[in-house]
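# sequence and computational prediction follow.
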Amino acid sequence: MSKNILLICGSGASSGFMAANMRKAVKKLGLDYKIKARSESELGDYANDIDALMVGPHLKAEFKGIQERVPDTVKVILMKADYYSLLDGKGAIEHLEQELND
């Protein structure tokens, strides 16, 4: 079953690079994920169409407020700085999979 994943960061730039690397990783892993990146300010436009929201680690202070802006059915994940800073798409997918299966 396909899953819609949204990544957000402050402006959408760093999450755009991360999303591209995650798309490469899911292709190699054979997973059916649709991954998009947007700025935090655009969240409301996408909140009802996603299965998971991955939040850039630099938005940690706003994490609770961001969680409150999406439906309860959306899994909200704070990305870890260790893979985010390296734009490690495979590391991000591994974290996503772990969170979705919890």
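Yes, it's here.

# CA atoms only for the helix of greatest length in the chain, dumped as CSV, please.
Taking DSSP state H as the criterion, the chain has its longest helix at helix 13-29. Taking C-alpha atoms only, helix 13-29 is exported to CSV below (Å, rounded to 0.1, in the frame of the first residue of the first chain):
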residue,chain,number,x,y,z
ALA,A,13,15.2,23.8,0.8
SER,A,14,17.1,21.4,3.0
SER,A,15,14.0,19.0,3.2
GLY,A,16,13.9,19.2,-0.6
PHE,A,17,17.4,17.7,-0.9
MET,A,18,16.5,15.1,1.8
ALA,A,19,13.3,14.1,0.0
ALA,A,20,15.2,13.6,-3.2
ASN,A,21,17.7,11.3,-1.4
MET,A,22,14.8,9.5,0.4
ARG,A,23,13.1,8.9,-3.0
LYS,A,24,16.3,7.2,-4.3
ALA,A,25,16.5,5.1,-1.2
VAL,A,26,12.8,3.9,-1.4
LYS,A,27,13.3,3.0,-5.1
LYS,A,28,16.3,0.8,-4.1
LEU,A,29,14.4,-0.8,-1.3
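
# outside of the helix or strand just after that helix itself, list whatever touches it.
Tracing the chain past helix 13-29, the next element assigned as helix or strand by DSSP states H and E is strand 33-39. Strand 33-39 is contacted by residues 2-12, 15-16, 18-19, 22-23, 26, 45-46, 93, 96 when judged by CB atoms under 8 Å, 6 or more residues apart in numbering. For every residue, glycine as well, the C-beta is placed using N, CA and C.
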